[in-house]
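K.L.:
everything below, folded, please.
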Amino acid sequence: MLRTFPTRGALVRPRRTVADVAVFLGAAAALWLIVRLAHGAATAWTPATAPSTVSTDPAELPYYAGRSLLRMFVALVLSVGFTFVYATAAARLRRTEKILLPALDILQSVPVLGFLSVTITGFIALFPGSQLGLECASIFAIFTSQAWNMTFAFHHSLVSQPRDLDEASRLLRLSRWQRFWRVDVPSGMIPLVWNGMMSFGGGWFFLTASEALSVNNQKFALPGIGAYVATASEEGDLGKVLLAVGAMVVLVVGVNVLFWRPLTAWSERFRIENSEAAEAPRSLVLDLLRRSRIPALLGRVLGKLVFPLDRALAVFGLAEYPLRFSPARRRAADIVFSVVVFGLILYGAVRMVLFIGETTGYGEIGHVLLLGLITFARVVTLVVVGTLVWVPIGVWIGMNPRVSRLAQPVVQVLASFPANFLFPLITAVLVATGISLDWGGILLMSLGAQWYILFNVIAGASAIPHDLREASANLRLPRALWWRRLVLPAIFPSYVTGGITAAGGAWNASIVAEIVSYNGVTLTATGLGAYIADATASGDAGRILLGVAVMSLYVVGLNRLFWRRLYRLAERRFSLS
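P.N.:
Residues are numbered from 1 along each chain as shown. Next up is the predicted model:
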């Protein structure tokens, strides 16, 4: 018989045993670590005998780092699920949008300690005699520091989705489930990944507050690197604080190399544009996964579930909306909806006012409003300075592939590193120099909030279509005209998202930045953050509610009067769709 051409050997793909073994061993090690660390979360525990500190033995640091990392990823999974449900409902349902977006502003403005003061008792009651309740409270606190930024980013990607994608979804008669996974999630993947990375960094920032808990005159400590830093700071052991900082650098770099860098490189496949970048982001871990046959085998097994799942979830209806509707019926439904919502808000406001009057007294309101105004001035200063500094840097990184390849890992590490781990060092400097925390608090707040602006600007600049960049280069636009006509309009929607979340993050950061301690010395700044932190530590429910309500009032007022107007302007005039 005649031989075929090419020969059989040329058609056989080479075996990739090295990549397969590496991926298998990595997955097995990760699974073993998850089981090992999760086992320690279900130990016996009671509030009466709960430790208020953790051991500062350096040998415990690897275990503490693993426990903290597990909490961070569990909170990240919960945040992604919340983002998908909440942002989709706000973008696709006209009436619920009028509630969900203001509620998101309020939830973002509620500090982490405000959530803990309400939820920690409930979580402990859910798991009596087990440490799992306190673990859930800690994870929930981390979740509240991650979810809002991702929700804002995904909602913006939905409302600014290109019109041709919407029309294609309706013409192809996709179900709502199919549209979500085949259109909505892919089109919003790049901003979701970048803001997820930033939210993960925000979770690191509040790790100390979520592991070393001080609520209702009780102190609880969970095994974790955040509680380790808190204990070492109280003891004034600067060497152990620096040791924890070094461990955090290793942990953050490892997470970025093994998780975020591959994810950002993989998300580039969802970029929608007519021309392709000359250099695309790369990741050694992603290259290893692509060389391995294990992901393809898993894809074949799980791929068989796609069609049955699509058929089962088709009951939610098609991804389309009626072209004709009754104006009278719609107006009547809007009136009923508004009356019900207004009634619920009025009832809650009355109950809150009566509770404040019975506990703190109405005379306290003016004092708290003044404290809020002082913190508001710090937030505005932070946002203005952060904008002037990080917008040019973000554009430079996002629009230069070579710079981006080198700078993105550095930016990711800086943003993911919990800046409050440096608070003991900065506090020691403030004590030694006599600088007031009223001014130093702005620096401490900026360490945790400024990265929201930088990350969103990088994401916006990197999303500028390459054909527009090439056109501007061919036209040889002057630098000022290039900024005014191309760059600023293109990054404006991303900047607004970053500005909203940076302002909200700054308000949240004020809780841990306006009152800091080191070696028995406590520095307190005049502001709303210190007021809420003190009320939470003493368990004063009236002051906690008043402080949280005033902070929510400032944040929602700023968002409604300023950021939301810019948000609508970005949707109307500066969308690339």
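
K.L.:
quick check: the gap between residue 104 and residue 317.
P.N.:
Remark: distance between residue 104 and residue 317 (Cβ to Cβ, to the nearest Å) = 25 Å. (Each C-beta comes from the backbone N, C-alpha and C, glycine too.)

K.L.:
now do residue 68
P.N.:
42 Å.

K.L.:
nearest spatial neighbour of residue 541, chain-adjacent residues omitted?
P.N.:
Take residue 541 and drop its neighbours on the chain: the residue closest to it by Cβ to Cβ, 6 or more residues apart in numbering is residue 359, 6.6 Å away.

K.L.:
surely the one you found touches residue 544?
P.N.:
No: using Cβ atoms under 8 Å as the test, residue 359 is too far from residue 544 to be in contact (9.7 Å).

K.L.:
neighbour count winner among the two?
P.N.:
The neighbour comparison of residue 359 against residue 544 (other Cβ atoms under 10 Å) goes to residue 544, with 26 against 15.

K.L.:
what about the more buried one, distance to residue 234?
P.N.:
Remark: distance between residue 544 and residue 234 (Cβ to Cβ) = 23 Å.

K.L.:
next SSE downstream of the helix or strand bottoming out on mean pLDDT in the chain?
P.N.:
Lowest by mean pLDDT, DSSP states H and E among the helices and strands of the chain is helix 8-11, with a mean of 51. Once helix 8-11 ends, the next helix or strand along the chain (criterion: DSSP states H and E) is helix 17-39.

K.L.:
state the mean pLDDT of the following helix or strand past that next one.
P.N.:
Moving toward the C-terminus from helix 17-39, the next helix or strand (DSSP H and E) is helix 61-92. Averaged over helix 61-92, pLDDT sits at 91.

K.L.:
and helix 61-92, what does it pack against?
P.N.:
If contacts are counted by 3 or more Cβ pairs under 8 Å, 6 or more residues apart in numbering; DSSP states H and E, helix 61-92 sits against helix 17-39, helix 94-109, helix 132-159, helix 189-205, helix 207-211, helix 225-235, helix 238-255.

K.L.:
of all the ones you listed, which one comes closest to residue 342?
P.N.:
Ranking these by proximity to residue 342 (Cβ to Cβ) places helix 94-109 first, at 10.9 Å.

K.L.:
which helices and strands does the closest one pack with?
P.N.:
Under the contact criterion of 3+ Cβ pairs under 8 Å, 6+ apart, helix 94-109 touches helix 61-92, helix 132-159, helix 327-359, helix 488-513, helix 541-558.

K.L.:
give me every residue that touches the residue lying closest to residue 53 once chain neighbours are set aside.
P.N.:
Spatial nearest neighbour of residue 53, chain neighbours left out: residue 231 (4.4 Å); criterion: Cβ to Cβ, 6+ apart. Residues in contact with residue 231 (Cβ atoms under 8 Å, 6 or more residues apart in numbering) are 53-54, 56, 212, 221.

K.L.:
before we move on, back to that, between residue 68 and residue 317, who's got more neighbours?
P.N.:
residue 68 (27 against 9).

K.L.:
where's the closest residue to residue 153 other than its chain neighbours relative to residue 569, distance?
P.N.:
Once flanking residues are discounted, residue 153 sits nearest to residue 195: 3.8 Å by Cβ to Cβ, 6+ apart. From residue 195 across to residue 569, the span is 21 Å (Cβ to Cβ).

K.L.:
also residue 107?
P.N.:
Applying Cβ to Cβ to residue 107 and residue 569 gives a distance of 24 Å.

K.L.:
so which of those two has more stuff around it?
P.N.:
residue 107 (18 against 13).

K.L.:
tell me the spacing between the closest residue to that one other than its chain neighbours and residue 88.
P.N.:
Spatially, and ignoring its direct neighbours in sequence, residue 107 is nearest to residue 148 (6.3 Å; Cβ to Cβ, 6+ apart). Applying Cβ to Cβ, the value for residue 148 to residue 88 is 16 Å.

K.L.:
more neighbours: which of those two?
P.N.:
Between residue 148 and residue 88, counted using other Cβ under 10 Å, residue 148 has the larger neighbour count: 28 against 19.

K.L.:
settle this for me: residue 264 is touching residue 195, isn't it.
P.N.:
No: judged on Cβ under 8 Å, residue 264 makes no contact with residue 195 at a distance of 11.6 Å.

K.L.:
so the two - more neighbours on which side?
P.N.:
Comparing residue 264 with residue 195 by other Cβ under 10 Å, the one with more neighbours is residue 195, at 31 against 24.

K.L.:
tell me who's in contact with the more buried one.
P.N.:
Residue 195 touches 149-150, 152-154, 455-456, 459, 497, 501, counting by Cβ under 8 Å, 6+ apart.

K.L.:
which residues touch residue 501?
P.N.:
Applying Cβ under 8 Å, 6+ apart, the residues contacting residue 501 are 108, 148-149, 152, 195, 198, 452, 456.

K.L.:
in PyMOL, select just the buried ones from those residues.
P.N.:
This is how PyMOL selects the buried members of those, with burial counted by 16 or more other Cβ atoms under 10 Å:
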select buried, resi 108+148+149+152+195+198+452+456
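
K.L.:
hmm, back to that, so which of the contacts of residue 231 wins on neighbours?
P.N.:
residue 212 (24 neighbours).

K.L.:
what sits against that residue?
P.N.:
Residue 212 is in contact with 53, 219-222, 226-227, 230-231, counting by Cβ under 8 Å, 6+ apart.

K.L.:
need the residues you listed in TSV (columns: distance to residue 479 and pLDDT).
P.N.:
Below are those laid out as TSV (distance: Cβ to Cβ, whole Å; pLDDT from 0 to 100):
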residue	distance to residue 479	pLDDT
53	56	79
219	56	77
220	56	80
221	54	83
222	52	85
226	45	83
227	50	85
230	48	80
231	52	83
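
K.L.:
find the pair from the residues you listed with maximum spatial separation.
P.N.:
Across these (Cβ to Cβ), the longest gap, 13.8 Å, separates 219 and 226.

K.L.:
just want to know which of these two has more residues nearby.
P.N.:
For residue 219 and residue 226, the more surrounded residue by other Cβ under 10 Å is residue 226, and the numbers stand at 30 against 14.

K.L.:
what sits against the more buried one?
P.N.:
So residue 226 contacts 68, 207-212, 418 (Cβ under 8 Å, 6+ apart).

K.L.:
what about 6 Å?
P.N.:
By Cβ atoms under 6 Å, 6 or more residues apart in numbering, the contact set of residue 226 is 207-208, 211.

K.L.:
over to residue 444?
P.N.:
residue 513.

K.L.:
what of residue 213?
P.N.:
residue 220.

K.L.:
great, nothing more from me.
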